[in-house]
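Sequence below, structure please.
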Amino acid sequence: MSELLPDGSNQAVNGRGVAIPLDAVPAEDTVSGSPRQGIAELGSIGGCEVGIWELRSGIVTDTEVDELFVVLSGGAIIEFLDEDRSVEVGPGDTVRLIAGSRTRWTVEDHIRKVYIAAE
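Got it, this is the predicted structure:
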C-alpha cells in the first residue's frame, strides 16, 4: 500500500473519509465477535510510522508498541490488563500507549484513530 502523505509533499487527507480495506482479526487475538481491522499508511516522520487504523465490532487483545493516537470516529473501551484499569475513548480523545502493555479493546460499532508509532 502506498503512503497517503509521502515525504517531501505538502498534502492533506480527510482521516474520516479514507477508504480502509478491513480483514478479519486473527483468531488468537479475538475474544468475542467477528472483528475486522485495517490500516491506511499515511507516511513516516522522525522515524515513526503514521497511519489510520480502524477496528469494527468485537473484543480483541493486543500487546502495544509505543504509540500516541487521536480518535477520529467511533469509540472503544480499552482495558489495560497489567494495570487492572480501563478508559473509554471517543472522538477527539488522545491516548498514549506504552510498548509491551497488554490491552483488551471492546468496540460496539467501530473505532478509527490516527496514530504515530515507534517503528
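
strand partners of the lowest-mean-pLDDT helix or strand in the chain, parallel vs antiparallel please.
The weakest-scoring helix or strand in the chain, judged by mean pLDDT, DSSP states H and E, is strand 36-45 (a mean of 95). Within its sheet, strand 36-45 is paired with strand 23-24 (antiparallel), strand 48-63 (antiparallel), according to DSSP bridges.

And that strand, what's buried?
Arg36, Gln37, Gly38, Ile39, Ala40, Leu42, Gly43, Ser44 (16 or more other CB atoms under 10 Å). All C-beta spots, glycine's among them, are computed from the backbone N, C-alpha and C.

Next: stretch 111-119.
Within stretch 111-119, the residues scored as buried using 16+ other CB under 10 Å are Ile111, Arg112, Lys113, Val114, Tyr115, Ile116, Ala117.

Arg56 - how many residues pack around it?
20 (other CB atoms under 10 Å).

how close does it sit to Arg96?
Arg56 sits 24 Å away from Arg96, going by CB to CB, to the nearest Å.

now do Glu49
For Glu49 relative to Arg96 (CB to CB), the value is 16 Å.

Which parts of the chain are helices?
Shown for the chain, no helices are assigned by DSSP state H.

Poorly predicted segments of it, please.
1 (pLDDT under 70).

Now do the same contact list for the residue nearest to the spatial centre of it.
Nearest to the mean C-alpha position of the chain, by CA atoms, centre = their mean, lies Trp53 at 4.1 Å. If you count contacts by CB atoms under 8 Å, 6 or more residues apart in numbering, Trp53 has them with Gln37, Gly38, Ile39, Phe69, Arg112, Lys113, Tyr115.
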